[in-house]
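Student: What follows is a predicted structure for the sequence shown.
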Amino acid sequence: MSDIKKLAGQTAVYGIPTIVGRFLNYFLVPLYTYNIATQDYGMVSELYAYVAFLMIVLTYGMETAFFRFSQDYDKQKVYNTAMFSLCVSTALFLFITFSCLSPITSALEYQGHPSYIVLFLLILAIDALKAIPYALLRRENQPKRFALIKSMDIFSNIFFNLFFIALCPVLYKANFGLVKSFFNPNDLVFYIFLSNLLASVIAMIMLLPEYRKLRFNIDFSLLKKMLAYGFPVMIGGLAGMVNETFDRIALKHLVSVPYEYITPEEIAEYKMSQIGIYGACYKLSIVISLFIQALKFAAEPFFFSKMKKEDAKKSYSSVMTAFVMFLCLIFLVVMGYIDLFQYFMGKDYREGLAVVPILLMANIFLGIYYNLSIWYKVTDKTKWGAYIALMGAFLTLVGNYVLVPLIGYLGAAISTLVCYVFIAVVCYLVGQKYYPVDYKLGRIFTYIFLALLMYFAMYWISLNVYSVFLRILINTIFILAYLALAFKLDIKRMIKER
């Protein structure tokens with residue numbers, strides 16, 4: 001229990017700015033979906049999907065390698081080596097991409113919006129260079145400074161979005177001279193990307209003390225080891241990102257277009273509209289992803305610090321049970337109050353709500369996989385992370401190619417769920433061979449089964465009870481019943497063990 005308390009505390013400190021900030025960022029969804037068309041929001045969703053892939057390439061496992069090798073080597077030497085490597089690779093990335101800007105823009109079919117690509121290349125470069133300084137703060141156990149900078153990054157992005165998307169159009173219509181000199185109300189998507197870039201620059205400036213710690217005494221033999229360790233992590237991350245974001249990319253190329261859309265312009269708009277609807281609904285499932293991300297910030301240094309202790313495996317098992325219990329609660333809260341959550345999106349986007357429970361459950365299994373994946377990190381068998389993620393990526397690709405042409409974005413959601421269940425199961429089975437941990441499977445499956453059972457009951461009620469107030473009241477009772485059972489099964493025991 002002390003380990004769970006410690007991890008929960010670190011998760012709260014590291015994760016609160018991320019959770020609160022991104023939850024507030026979550027409130028940007030209505031700002032976007034009530035102000036821009038579905039096809040325009042489709043561009044936002046598509047480009048952010050590409051960025052997720054490229055961030056993994058640009059950091060190539062160095063963050064995880066930094067944590068791993070700082071356990072056995074001088075921390076300053078590891079930091080110098082990792083930062084030097086990222087600086088060189090990022091500079092090379094910018095040189096190549098800006099040299100080939102026109103072909104890249106054409107390949108992505110953004111000939112009319114080259115500025116979007118420029119903004120994203122700059123965002124990628126800055127975010128890649130922030131990865132190791134952020135890792136250093138976590139390694140040095142500076143959660144308050146980490147939280148401050150993360151918060152500023154997130155809140156400044158929200159501020160700029162509100163300024164450009166909400167305030168500037170009003171000032172523009174009021175003929176406010178300064179705003180009219182720089183603002184284009186017909187291209188709000190540009191300002192979404194610009195807001196991200198400005199926020200990233202502010203965070204980078206705040207990390208200057210960490211950048212000043214860089215010394216150019218590079219250990220190239222250590223770099224070779226870090227690259228060898230990080231490369232499988234990168235491959236696994238890329239394959240994993242296929243699982244997380246390929247659906248938004250695939251929709252553009254695989255979705256079937258109804259016959260009434262004839263001209264190339266109409267077809268392109270329809271495809272981007274489908275991406276926009278799916279991307280907006282995907283945001284509802286990200287509520288679980290926020291807590292997974294918060295746990296990851298605290299878990300990597302925590303798990304590595306526990307790896308050589310006798311009670312390490314017991315701690316990993318306890319954390320898994322508590323984690324699944326909590327994620328299932330989030331699942332029930334979102335689906336129990338979906339009548340309210342749907343208003344976070346404009347009316348044109350709500351037709352995609354059917355994907356939300358599928359994606360929520362998919363993200364629960366993704367969280368389980370992240371917890372299970374500690375075995376190949378602490379045993380230095382990171383190649384297994386790549387193997388498992390590649391198998392999942394293959395499933396995702398096949399699932400999308402088969403299901404998206406048949407049932408559109410619903411097929412993309414189903415493919416995501418199948419993939420995450422598969423990689424969690426495979427990671428568990430292989431992990432038990434190399435690093436057996438006594439996970440409480442009975443308890444884990446109890447929480448998942450209970451959450452699904454209550455969801456199907458909520459769904460049946462939604463079809464037969466027409467009063468929104470009554471539906472919410474009944475669903476609240478279900479959620480309280482889940483909490484009561486969780487208290488009886490685990491929470492009460494955890495409190496006694498404090």
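Tutor: Everything's here; your move. Numbers count the residues shown, from 1 in each chain.

Student: how many other residues sit next to residue 381?
Tutor: For residue 381, the count of nearby residues is 16 (other CB atoms under 10 Å). Placement of C-beta: from N, CA and C, glycine included.

Student: if I read this right, it contacts residue 430, doesn't it?
Tutor: No: counting by CB atoms under 8 Å, residue 381 stays clear of residue 430, with 9.1 Å between them.

Student: which residues of the protein fall in strands?
Tutor: With DSSP state E as the definition, the chain shows no strands.

Student: who's in contact with the residue nearest the centre of it?
Tutor: With distances taken as CA atoms, centre = their mean, the residue of the chain nearest its centroid is residue 289 (5.6 Å). Going by CB atoms under 8 Å, 6 or more residues apart in numbering, residue 289 touches 363, 366.

Student: hmm, 10 Å instead?
Tutor: Each residue near residue 289 by CB atoms under 10 Å, 6 or more residues apart in numbering is listed here: 22, 244, 282, 283, 359, 360, 363, 366, 367.

Student: Closest to residue 261 out of those residues?
Tutor: residue 282 (23.2 Å; CB to CB).

Student: distance of the closest residue to that closest one other than its chain neighbours from residue 336?
Tutor: Excluding its sequence neighbours, the residue lying closest to residue 282 (CB to CB, 6 or more residues apart in numbering) is residue 359, at 6.1 Å. Counting by CB to CB, to the nearest Å, the gap from residue 359 to residue 336 is 16 Å.

Student: again, but for residue 72
Tutor: Applying CB to CB to residue 72 and residue 336 gives a distance of 47 Å.

Student: And the two? Which one has more around it.
Tutor: residue 336 (23 against 9).

Student: May I ask you to confirm that that one is in contact with residue 360?
Tutor: No: using CB atoms under 10 Å, residue 336 makes no contact with residue 360, being 11.5 Å away.

Student: Now the common contact residues for those two.
Tutor: Common neighbours of residue 336 and residue 360 (CB under 10 Å, 6+ apart) are residue 455.

Student: what does the model give residue 333 for pLDDT?
Tutor: Here the pLDDT value assigned to residue 333 is 92.

Student: what about it, how many neighbours?
Tutor: Around residue 333 there are 16 residues (other CB under 10 Å).

Student: pretty sure it is touching residue 472, no?
Tutor: No: using CB under 10 Å, residue 333 is not in contact with residue 472; the gap is 11.4 Å.

Student: Identify the residues contacting residue 382.
Tutor: 61, 64-65, 68, 228-236, 373, 376.

Student: Quick one: buried ones out of those?
Tutor: Among the contacts of residue 382, those scoring as buried are 61, 64-65, 68, 229-236, 373, 376 (criterion: 16 or more other CB atoms under 10 Å).

Student: got any ranges where the protein has weak pLDDT?
Tutor: Under the criterion pLDDT under 70, the flagged ranges of the chain are 1-27, 240, 243, 290, 293-311, 491-492, 494-498.

Student: coming back round to it: give me the common contacts of residue 381 and residue 430.
Tutor: Joint contacts of residue 381 and residue 430 (CB under 10 Å, 6+ apart) are 375, 387.

Student: separation between the residue nearest to the centre of the chain and residue 330?
Tutor: Counting by CB to CB, the gap from residue 289 to residue 330 is 10 Å.

Student: Any chance you could list residues touching both of the two?
Tutor: 360, 363, 367.

Student: Name the nearest residue to the last one, sequence neighbours excluded.
Tutor: Take residue 367 and drop its neighbours on the chain: the residue closest to it by CB to CB, 6+ apart is residue 292, 4.5 Å away.

Student: didn't the one you found look like it was pressed against residue 366?
Tutor: Yes: checked against CB under 10 Å, the pair residue 292 and residue 366 is within contact range at 6.6 Å.

Student: from what I can see residue 213 touches residue 82, true?
Tutor: No: using CB under 10 Å, residue 213 is not in contact with residue 82, being 11.8 Å away.

Student: Compare neighbour counts for the two and give me the winner.
Tutor: Neighbour totals were compared for residue 213 and residue 82, and residue 82 leads with 27 against 12 (other CB under 10 Å).

Student: The more buried one: what's it in contact with?
Tutor: Contact analysis of residue 82 by CB under 10 Å, 6+ apart lists 59, 62-63, 65-66, 69-70, 131-132, 135-136, 214, 218, 222-223, 226, 230.

Student: And for residue 110?
Tutor: 43, 46, 47, 104, 116, 117, 120.

Student: Show me which of the residues you listed is closest to residue 127.
Tutor: For those, the residue nearest residue 127 by CB to CB is residue 120; the value is 10.3 Å.

Student: Skipping its backbone neighbours, what lies nearest residue 362 in space?
Tutor: In this structure, residue 362 finds its nearest non-sequential neighbour in residue 417, 4.1 Å apart by CB to CB, 6+ apart.

Student: how much space between the one you found and residue 395?
Tutor: According to CB to CB, residue 417 stands 11 Å off from residue 395.

Student: And for residue 148?
Tutor: 40 Å.

Student: All set, thanks.
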